[in-house]
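Asks: Model the following, please.
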Amino acid sequence: MALAQELYGVPASRLDSFVTQWLQPSRGWKEEVLEAVGTVERFLRQEHFQGARGLDQDVRVLKVVKVGSFGNGTVLRDTTDVELVVFLSCFHSFQEEAKYHQAVLRLIWKKVCCCQDLLALGLSDPSITEEVPSALFFTIQARETAEPINVSIVPAYRALGPSLPHSQPPPEVYVSLIAAGGYPGSFSPSFSELQRSFVKHRPTKLKSLLRLVKHWYQERARDIQVTVEQWGHPDLILCVNPYESIQKVKEKIRWRRGHVGLQRLSFQEPGSDRRLLSSHCSLAYYGIFSDTRICMLETISPEIQVFVKYPNGQSHAYAVHPSHGVLGLKEQIQDRQGLRAAQQQLEFQGHVLQDWFDFACYGIQDSDTLVLSKKRAGEALFPPS
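Replies: Residues are numbered from 1 along each chain as shown. So this is what the prediction gives:
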């Protein structure tokens, strides 16, 4: 049944029943999802994370908050994406959160991968996104139906403290927030309780309206044209719903091209650096709602992907092996761009890379960006310190 067409034919007096019949999840289904997610919440509350260098030795979870549609009571039927914000004892300021956010995510990731209760729920595909704020994503299964449930965990500084749901935060919180700087949205999880409470305690009719708007938005979102660029292959044109997961986009590419390797997709906004597209997210998550071009790189484990930023500001993706020399990458650039390897200068975090050193020597990791320029005559190069 085409729900979008049904919606336009429903009189206003029957919208409540339409929401109940088609959009509101059944109690049994919702309880099954929340039971599985409850296992994740118990793990977080009971686990003690051994602090890394610079962190408290005993990192404790102060509170776990369900946010998004599951947290505020506006979840749509068959939605299986659950977001959790974790307030931690090791964050005493916004600055500390920004400094240790990635380290804490790695701590949680290691513990998640060893948790027997989560492994019993079919734990799969744990990964850390590179978005703002970055999060730990993984998939588990509902016990009865084995339906996949996508879980995201975001660690945050509990800036509001144990305040009451309806109390106003003190002005000092916003003063410290402004002083901390950071990218837009990087500290938004610290205020997730305010965001959740704003909707959670509203009348049912308002929640029904939000469900209708979300349903209409998803049904009416038009497909966009995505042009997939891959070195050595003609462009591939796909029609993609912006709300489809990147994983489904990869499956379409695999079906059309027959690739068997690990696909890495990236895109670049004008004036910005190239970014990796996470399989757990969608194009809409990255703000892409119109025709776009993305770059695909096929790698074979244990290869990694690096971005090379050209002098004109454009970035391109290359597959390299961490233990192989820099010269191999320069030869790839020469084949693709025509600039001779001997004329290339690659830099990473202030270091000029020498041809005979490998990438691991410079601490270069997956999705790092290298800067390319034309080498000046007689320029001396130095090994990494």
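Asks: How about the residue most central in space within the chain, nearest residue that isn't a chain neighbour?
Replies: When C-alpha atoms, centre = their mean is applied to the chain, the residue found nearest the centroid is Thr129 (3.6 Å). Nearest in space to Thr129, with sequence neighbours left out and distances taken as C-beta to C-beta, 6 or more residues apart in numbering, is Ser278 at 4.7 Å. No exception for glycine: its C-beta is placed from N, CA and C like everyone else's.
Asks: my guess is Lys330 contacts Leu346, does it?
Replies: Yes - counting by C-beta atoms under 8 Å, Lys330 does reach Leu346; the two are 7.0 Å apart.
Asks: rewinding a little: for the residue nearest to Thr129, identify the helix or strand it belongs to.
Replies: Under the criterion of DSSP states H and E, Ser278 resides outside all helices and strands.
Asks: ok, it - how many residues close by?
Replies: Using other C-beta atoms under 10 Å, Ser278 has 21 neighbouring residues.
Asks: Can I take it that Arg254 is in a helix?
Replies: Yes - counting by DSSP: H, G, I helix; E, B strand; the rest coil, Arg254 falls inside a helix.
Asks: do you know how far the nearest residue to it once chain neighbours are set aside is from Cys295?
Replies: Spatial nearest neighbour of Arg254, excluding adjacent residues (C-beta to C-beta, 6+ apart): Gln263 at 7.1 Å. Noted for Gln263: a distance of 11 Å to Cys295, by C-beta to C-beta, to the nearest Å.
Asks: before we move on, what about Glu219?
Replies: 30 Å.
Asks: Between the two, tell me which one has more neighbours.
Replies: Cys295 (21 against 13).
Asks: May I ask you to confirm that the more buried one is in contact with Ser266?
Replies: Yes - Cys295 lies in contact with Ser266 (C-beta under 8 Å); the separation is 5.1 Å.
Asks: list the contacts for the residue nearest to Thr129?
Replies: By C-beta atoms under 8 Å, 6 or more residues apart in numbering, the contact list for Ser278 reads Ser127, Thr129, Glu130, Glu131, Phe137, Ile246.
Asks: Now with 7 Å, please.
Replies: Applying C-beta atoms under 7 Å, 6 or more residues apart in numbering to Ser278 gives the contacts Ser127, Thr129, Ile246.
Asks: Count the neighbours of the last one for me.
Replies: What that stands for is Ile246. Applying other C-beta under 10 Å, we find 21 residues neighbouring Ile246.
Asks: Quick check: phi and psi on it?
Replies: phi -60, psi -30 (degrees, to the nearest 10).
Asks: returning to that earlier point: would you confirm that the residue nearest to the centre of the chain contacts Ala135?
Replies: Yes - under the criterion of C-beta atoms under 7 Å, Thr129 makes contact with Ala135 at 5.3 Å.
Asks: mind checking the SS state of the residue nearest to Thr74 when sequence neighbours are not counted?
Replies: Nearest non-adjacent residue to Thr74, counting by C-beta to C-beta, 6+ apart: Leu210, 4.6 Å away. Put simply, Leu210 is helix when judged by three-state DSSP.
Asks: Could you report the neighbour count for Leu210?
Replies: Leu210: 18 surrounding residues under other C-beta under 10 Å.
Asks: Tell me the spacing between it and Gln24.
Replies: With distances taken as C-beta to C-beta, Leu210 is found 12 Å from Gln24.
Asks: do Leu329 as well
Replies: Leu329 is 53 Å from Gln24, by C-beta to C-beta.
Asks: of these two, who's got more company?
Replies: Set side by side, Leu329 and Gln24 show more neighbours around Leu329, with 25 against 19, by other C-beta under 10 Å.
Asks: Spatially nearest residue to the more buried one (excluding sequence neighbours)?
Replies: Nearest residue to Leu329 in three dimensions, chain neighbours excluded: Val320, at 5.4 Å (C-beta to C-beta, 6+ apart).
Asks: where are the low-confidence patches of the stretch 201-350 of the chain?
Replies: Judged by pLDDT under 70, the stretch 201-350 of the chain has its weakly predicted residues at 220-221, 259-260.
Asks: now the helices for it?
Replies: 204-220, 246-257, 326-337 (DSSP state H, counting those that start in this stretch).
Asks: Redo those as TSV? Include distance to Val59.
Replies: Listed next are these as TSV, based on distance: least, C-beta to C-beta, whole Å:
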stretch	distance to Val59
helix 204-220	35
helix 246-257	31
helix 326-337	37
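Asks: wait, which of these is closest to Glu47?
Replies: Nearest of the helices of the stretch 201-350 of the chain to Glu47, taken as C-beta to C-beta: helix 246-257 at 27.8 Å.
Asks: For the closest one, name the packing helices and strands.
Replies: strand 233-240, strand 262-267 (3 or more C-beta pairs under 7 Å, 6 or more residues apart in numbering; DSSP states H and E).
Asks: how about Glu244, what does it touch?
Replies: Taking C-beta under 7 Å, 6+ apart, one finds Ser282 in contact with Glu244.
Asks: State the pLDDT value of Pro384.
Replies: Pro384 is assigned 48 on the pLDDT scale.
Asks: Also Gln5?
Replies: What the model reports as pLDDT for Gln5 is 49.
Asks: swap in Lys66?
Replies: Reading off the model, Lys66 has pLDDT 93.
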